[in-house]
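Chemist: Fold the following for me, if possible:
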Amino acid sequence: MQDQNIISKDFDFAFGTWRVKHRRLKERLVACQDWEEFDGTSETRPVLGGNGNIEDNLLNFPSGPYRAIAIRDFDPSDRTWAIWWLSANNPHQLDVPVIGKFANGEGAFFANEVIDGSPVRVRFLWLRTGTSSPRWEQAMSDDGGVTWETNWTMDFERA
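Modeler: Numbers count the residues shown, from 1 in each chain. Sure thing, here's the model as predicted:
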């Protein structure tokens, strides 16, 4: 029962309002080198007594604005986080959660998904969390994690 009293501070760096610079591959896992860049905003607040948080995002895609949230939940028993993505474009479908933890100020989170009928390993990284400009990266692997293709980055700056 003692573990239930642990409150994680791992995502405290993300609380507040941010301007976000996005860079995203136009196609994933096809050796695409064509990136699109766009801006957005993000606001994160704690929930669940501090062991969870909600990140509300406005992404200004070239095709038009898009809203989504990240839902994060900390499990004190093994000190891992689960992160779900919920898109306004598909409002009744939570993505498979990525699960992982922080070490030395960097977070690494993983999931197995199926994309276009093929198994894919997904990785989220949270980098530079001790700075005023944290960075999030998404990568995918179609070879079980032997090689990774980074397909989306988000650079945060306080609004």
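Chemist: Which residues are in contact with the most centrally placed residue in the chain?
Modeler: Closest residue to the average C-alpha location of the chain: Phe124 at 5.6 Å, with CA atoms, centre = their mean. Applying CB atoms under 8 Å, 6 or more residues apart in numbering, we find Phe124 in contact with 83, 98, 100, 107-110, 136-138. The way it works is simple: take the backbone N, C-alpha and C, and place the C-beta from them, glycine included.
Chemist: ok, the residues you listed vs Arg158, which is closest?
Modeler: Trp136 (15.1 Å; CB to CB).
Chemist: Please name the nearest non-neighbouring residue to Phe15.
Modeler: Spatial nearest neighbour of Phe15, excluding adjacent residues (CB to CB, 6 or more residues apart in numbering): Thr44 at 5.3 Å.
Chemist: Closest one of the contacts of Phe124 to Gly144?
Modeler: For these, the residue nearest Gly144 by CB to CB is Phe110; the value is 11.2 Å.
Chemist: Name the residues linked to the closest one by a beta bridge.
Modeler: On the basis of DSSP bridges, Phe110 is bridged to Ile99, Arg123.
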